[in-house]
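Student: Below are the sequence and a predicted model for it; my questions follow.
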Amino acid sequence: MTGPSARPRGEDVLVERTGAVLRITINRPASLNAVTADMLTVAAEAVEAAGRDTGVRVIVLTGAGRAFSSGADLTGTGQGTAPGATLDAANRLTTALRTVPKPVLAAVNGLAAGVGCSFALAADLTVARESAFFLLAFANAGLMPDGGATALLPAAIGHARAARMAMLAERIPAPQAAEWGLIAFAVPDDEFDDQVQRLTTRLAEGPTAAFAQTKHAFNTTVLDRLPQALEAEREGQNALFHSADFAEGVTAFRTKRPPAFEGR
């Protein structure tokens with residue numbers, strides 16, 4: 001295929017193919033790219049299809065505007081925002097990112113929070129602007145991390161740092177994330193686009209089969225319990241969706257006030 005090709009998958013997720021590169025852009029900049037079940041399904045289907053397409057040699061996942069993704073849509077303004085449906089779609093996307101036999105590059109252009117952070121972790125390589133930051137703010141809504149974060153995060157940075165992010169909702173700037181090993185690269189903002197292009201080209205021109213086998217080995221060894229983590233997160237999160245603390249967290253978020261949790 002020559003030249004850029006965009007498939008009409010909806011305005012909220014852009015799926016564009018240029019030569020050997022498939023670029024998936026979360027495109028709700030007004031909401032800092034908050035995601036819904038429908039959006040995640042579109043993205044997952046695109047990744048899965050790329051795995052079957054021998055012409056695709058690298059997948060780039062990014063966000064439009066000033067955020068990568070602020071996580072799941074809790075405002076109630078998006079479509080397909082039922083918590084359980086969004087969780088299942090998020091798990092499908094994480095699984096697709098990890099199992100697709102092509103390298104996945106996450107280009108983190110700004111905030112990566114909640115399940116958006118999980119997707120950045122699920123990529124094979126993650127490059128971020130120095131002004132970007134990573135945040136697991138699930139606890140602020142009375143929830144637990146999901147999207148595979150309970151396996152991906154400790155594998156990347158260890159239990160102690162993972163617990164800091166998961167339980168204290170610490171904001172981790174991109175340079176610190178790179179120092180910790182959470183991401184591969186943190187680059188000056190004005191060099192970000194060039195670095196993304198360089199990495200994309202290198203991966204697209206690299207040994208695709210070798211990349212696939214390397215990825216499979218990582219999944220089999222370091223991330224062998226990711227499926228169990230996704231199931232444990234699904235079970236735990238579905239219980240928390242019915243908790244008083246989650247109801248309080250959502251109300252506090254919508255009214256822009258601190259939550260008053262009761263522990264139930």
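Tutor: On my side now, so go ahead.

Student: So which residues make contact with whichever strand or helix holds Ala210?
Tutor: Per DSSP states H and E, Ala210 falls inside helix 208-220. Outside helix 208-220, the residues that touch it by C-beta atoms under 8 Å, 6 or more residues apart in numbering are 57, 98-99, 101-103, 124, 203, 226. Placement of C-beta: from N, CA and C, glycine included.

Student: Show me where the stretch 51-200 of the chain dips below the pLDDT cut-off.
Tutor: 76-82 (pLDDT under 70).

Student: What segments of it are helices?
Tutor: Here the stretch 51-200 of the chain has its helices, by DSSP state H, counting those that start in this stretch, at 83-99, 115-122, 149-157, 159-168, 174-180, 192-204.

Student: Ala43 touches Asn27, doesn't it?
Tutor: No. Using C-beta atoms under 8 Å, Ala43 makes no contact with Asn27, being 10.7 Å away.

Student: So the two - more neighbours on which side?
Tutor: Ala43 (27 against 17; other C-beta atoms under 10 Å).

Student: can you tell me how far the more buried one sits from Ala149?
Tutor: For Ala43, the distance to Ala149 (C-beta to C-beta, to the nearest Å) stands at 17 Å.

Student: re the thing from before, what residues are shared contacts of Ala43 and Asn27?
Tutor: Val13.

Student: Which of the contacts of helix 208-220 are buried, as a ChimeraX select command?
Tutor: In ChimeraX syntax, the buried subset of the contacts of helix 208-220 is picked out as below (16 or more other C-beta atoms under 10 Å):
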select :57,98,102,103,124,203,226
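
Student: Turn the contacts of helix 208-220 into CSV, including distance to Glu233.
Tutor: Formatted as CSV, these follow (distance: C-beta to C-beta, whole Å):
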residue, distance to Glu233
Arg57, 31
Arg98, 14
Thr99, 17
Pro101, 25
Lys102, 25
Pro103, 25
Asp124, 21
Leu203, 29
Leu226, 10
